[in-house]
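Enquirer: just the structure for this:
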Amino acid sequence: GFPVLIRASALAIFSTLTQRPPVSQAPSSAPATSAVSAISCDVAIIGGGPAGLMAAEVLAQSGVAAHLFDAMPSVGRKFLLAGKGGLNLTHSEPHEPFASRYAARQPQIEPLIRAFGSPEVRAWAQGLGVETFVGTSGRVFPTDMKAAPLLRAWLHRLRGQGVQLHMRHRWLGWANDHDAAQAAQPAQQALDFTPSSAHVLRFATPAGECQVTCRAVVLALGGGSWARLGSDGAWVPLLAERGVAVAPLRPSNCGFDVAGMHAPVGETRRAFLQELLGRTPAVPVGWTPHFAERFAGQPFKSVALSFTSSTGQHFQRRGEFVATATGVEGSLVYAVSHLLRDEIEAHGHATFHLDLLPDHSPERVLVEVRHPRGSRSLSSHLKSRLGLDGIKAGVLYEHLGKDGMNDPVALAHAIKALPITVVATRPIDEAISTAGGVTFEALDGHLMAQAVPGLFCAGEMLDWEAPTGGYLLTACLASGVRAGQGVLAFLGRSA
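Expert: Model prediction:
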């Protein structure tokens, strides 16, 4: 998964991406001015992530040189950070199970990835001179595992196709009717617009405000996580004002805070008084200080996680995850995060069960726990008989306490089905991705907003979610392809 903090090395990579200055970027030392500059173009793409860049490529291949705007100093920042531990481009599994990863939004995402799915992503990367391979988990990576070479090759090709990049342009929305009428007149004359068809967009730049008049707009602004990389969800009220339905943004592929085990509700004097007053005390959050100090940041390896929601949805998978200072995160937790999140929203908590020894039967575990240990400590006994030590032994002590650890039946049961209760998702800005966004019901089949002709949406800002493993990036690229094709159809151009 993504690290929560951006390393200095990642920031160093960012600064090398745009090797020639964007067309309309002003020097950083340029003083702000109240003058409003103007740009006119056929298509404005807002957002320089994979979806926006892919839409630009589809348009450029058909001779439509789009202008791409991004608030950050360079494009693809989250894409680069995703590749810090190895860029997972897509997944090699067959189409049907691949499509099932999009859960409730499978009907909407499946047509996109059928047209541009895993084979197409690998062919596209190869066209940029980047060979790929399939890892042992089925995930697909560049042979050098890196994101930066692919992004550099992509930007070089896009510039050669006529795509113009405008960095440090933060979208402010549409100009009001009076400003739009004045700003649109010269652009309409130059590009044969009609007043009703023109989009007049406002951008904040280091040199002052800029207005862009265009026929069509592609929004690829990301979700609401990793705001420092550009995905801050600031677009939500702008679209809502235009009548575009947006589902609330929620964390996805996220970590969770566990219910505190060291201070049960009602045990403290404060909680007791709150209960007397008829108030529900806040649920304590986090591991005990002893567990957090010893094991935060350490992985649970070779475990199995199972969870059944109150609505009957069942999840069971083997893998690994990490203990944090206040809870859990990591690939196995991310895979079930949408179910845990929804359960917490409905009931205030969710409890999953952890099998610490998935290769051992319950009967074998009980036999080994009951085996006479003589003068050995319980910790030594569990390590020698079952290989349990470190964080796995620590979480058993955390849950059972001393008395429970000395009860062979309770201990054996906990080893095979340790209940872990989570009570809150981590903040949305820490999440790898977000659920919610522009609803598909608000869009047509080309991803154009039904309430705003000529406005297309793509990428993570759409209302869908998927686990990590290449599914997120594949759907972002596929939606960029569909939006680009939709723009061509809207402009009356052939793909």
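Enquirer: buried residues in the longest helix anywhere in the chain, which are they?
Expert: Using DSSP state H, we find that the single longest helix of the chain is helix 471-491. By 16 or more other Cβ atoms under 10 Å, the buried positions in helix 471-491 come out as 471-488, 490. For glycine as for every other residue, the C-beta is placed from the backbone atoms N, C-alpha and C.
Enquirer: likewise stretch 156-165?
Expert: Per 16+ other Cβ under 10 Å, stretch 156-165 contains these buried residues: 158-159, 161, 163-165.
Enquirer: what is the rounded mean pLDDT of that stretch?
Expert: Average pLDDT, stretch 156-165: 98.
Enquirer: kindly report the same for stretch 71-85.
Expert: 91.
Enquirer: OK, contacts around Pro467?
Expert: By Cβ atoms under 8 Å, 6 or more residues apart in numbering, the residues touching Pro467 are 101, 253, 334-335.
Enquirer: most neighbours among those residues, please name it.
Expert: For those, the largest number of neighbours (other Cβ atoms under 10 Å) sits with Asn253, at 25 neighbours.
Enquirer: looking at it, that residue is touching Glu430, isn't it?
Expert: No. Shown here, Asn253 and Glu430 do not form a contact pair, counting by Cβ atoms under 8 Å, at 10.3 Å.
Enquirer: so which of the buried residues of stretch 156-165 sit within helices?
Expert: 158-159.
Enquirer: between the two ends of stretch 458-468, how far is it?
Expert: Distance between the two ends of stretch 458-468: 19 Å, counting by Cα to Cα, to the nearest Å.
Enquirer: show me where the stretch 301-450 of the chain has its strands.
Expert: Secondary structure of the stretch 301-450 of the chain by DSSP state E, counting those that start in this stretch: the strands cover 314-323, 327-329, 350-355, 418-425, 433-438.
Enquirer: format these as CSV; extra columns: mean neighbour count.
Expert: Listed next are the strands of the stretch 301-450 of the chain as CSV, based on neighbours: other Cβ atoms under 10 Å:
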stretch, mean neighbour count
strand 314-323, 16
strand 327-329, 24
strand 350-355, 20
strand 418-425, 18
strand 433-438, 26
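Enquirer: would you turn those strands into JSON lines with mean pLDDT?
Expert: Below are the strands of the stretch 301-450 of the chain laid out as JSON lines (pLDDT from 0 to 100):
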{"stretch": "strand 314-323", "mean pLDDT": "97"}
{"stretch": "strand 327-329", "mean pLDDT": "98"}
{"stretch": "strand 350-355", "mean pLDDT": "98"}
{"stretch": "strand 418-425", "mean pLDDT": "98"}
{"stretch": "strand 433-438", "mean pLDDT": "97"}
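Enquirer: Throw these into JSON lines and include distance to Val303, thanks.
Expert: Converted to JSON lines, these look like this (distance: least, Cβ to Cβ, whole Å):
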{"stretch": "strand 314-323", "distance to Val303": "7"}
{"stretch": "strand 327-329", "distance to Val303": "11"}
{"stretch": "strand 350-355", "distance to Val303": "6"}
{"stretch": "strand 418-425", "distance to Val303": "9"}
{"stretch": "strand 433-438", "distance to Val303": "24"}
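Enquirer: quick one: closest of those strands to Pro119.
Expert: strand 433-438 (23.2 Å; Cβ to Cβ).
Enquirer: elements contacting the closest one?
Expert: strand 246-252 (3 or more Cβ pairs under 8 Å, 6 or more residues apart in numbering; DSSP states H and E).
Enquirer: each with direction, which strands does the strand it packs on pair with?
Expert: strand 433-438 (antiparallel) (DSSP bridges).
Enquirer: ok, then the element right after the strand it pairs with?
Expert: Heading C-terminal from strand 433-438, the first helix or strand you meet, by DSSP states H and E, is strand 455-457.
Enquirer: got the contact list for that next one?
Expert: For strand 455-457, the surrounding residues in contact (Cβ under 8 Å, 6+ apart) are 55, 199, 216-220, 242, 244, 438, 443, 446-449, 483, 486-487, 490.
Enquirer: out of the residues you listed, which are buried?
Expert: The buried subset of those - by 16+ other Cβ under 10 Å - is 55, 199, 216-220, 244, 438, 443, 447-449, 483, 486-487, 490.
Enquirer: name the nearest of the contacts of Pro467 relative to Pro408.
Expert: Pro408 has its nearest neighbour among those in Ala335, at 32.3 Å by Cβ to Cβ.
Enquirer: who's in contact with that closest one?
Expert: 315, 317, 319, 467-468 are the contacts of Ala335 under Cβ under 8 Å, 6+ apart.
Enquirer: if we use 6 Å, what do you get?
Expert: Shown in contact with Ala335 (Cβ atoms under 6 Å, 6 or more residues apart in numbering): 317, 467.
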